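>>> next input, structure requested:
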Amino acid sequence: MATRCVINVDLADVWAEPGRKNLRRTLAWGDEVAVVETAATFLKIETVEFRTQADGSVLPFKIAGYIEPTKSSGVKPAHIV
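Numbering: from 1, shown residues only. Prediction:
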């Protein structure tokens, strides 16, 4: 079961794959996420992405991704949320 949290850093990149590959989006401090898994080097999360439809409406879609801080930042994954 996922744990609802908020981002606790200024900006956090969400990647489609572990290893910081295929950037999906960037989240900001206070954005809500659901933490699915916490590992030593990354967080697996679920968040919402808003997509514009053909009729002009905007709908929310759940997406999964990984937040993986760089080693040089010194930030542990668990401290991001």
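>>> report the distance from stretch 68-78 to the chain centre.
Distance of stretch 68-78 from the chain centroid (C-alpha atoms, centre = their mean, to the nearest Å) equals 14 Å.
>>> got the contact list for the residue nearest the centre of the chain?
In the chain, the residue lying closest to the centroid (C-alpha atoms, centre = their mean) is V14, at 4.2 Å. Residues counted as contacts of V14 (C-beta atoms under 8 Å, 6 or more residues apart in numbering) are L23, R24, R25, T26, L27, I45, T47, I63, G65, Y66, I67. C-betas here are computed from N, CA, C, even on glycine.
>>> quickly find the element holding it.
V14 is part of strand 11-17, with elements assigned from DSSP states H and E.
>>> got the CA coordinates for the helix or strand just after that strand in CSV?
Note on strand 11-17: by DSSP H and E, the next helix or strand toward the C-terminus is strand 21-28. C-alpha atoms of strand 21-28 as CSV (Å, rounded to 0.1, in the frame of the first residue of the first chain):
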residue,chain,number,x,y,z
LYS,A,21,16.5,7.7,-17.3
ASN,A,22,13.6,9.3,-19.3
LEU,A,23,12.5,12.4,-17.4
ARG,A,24,8.7,12.5,-16.9
ARG,A,25,8.3,15.8,-14.9
THR,A,26,9.6,17.9,-12.1
LEU,A,27,7.7,18.2,-8.8
ALA,A,28,8.1,21.2,-6.4
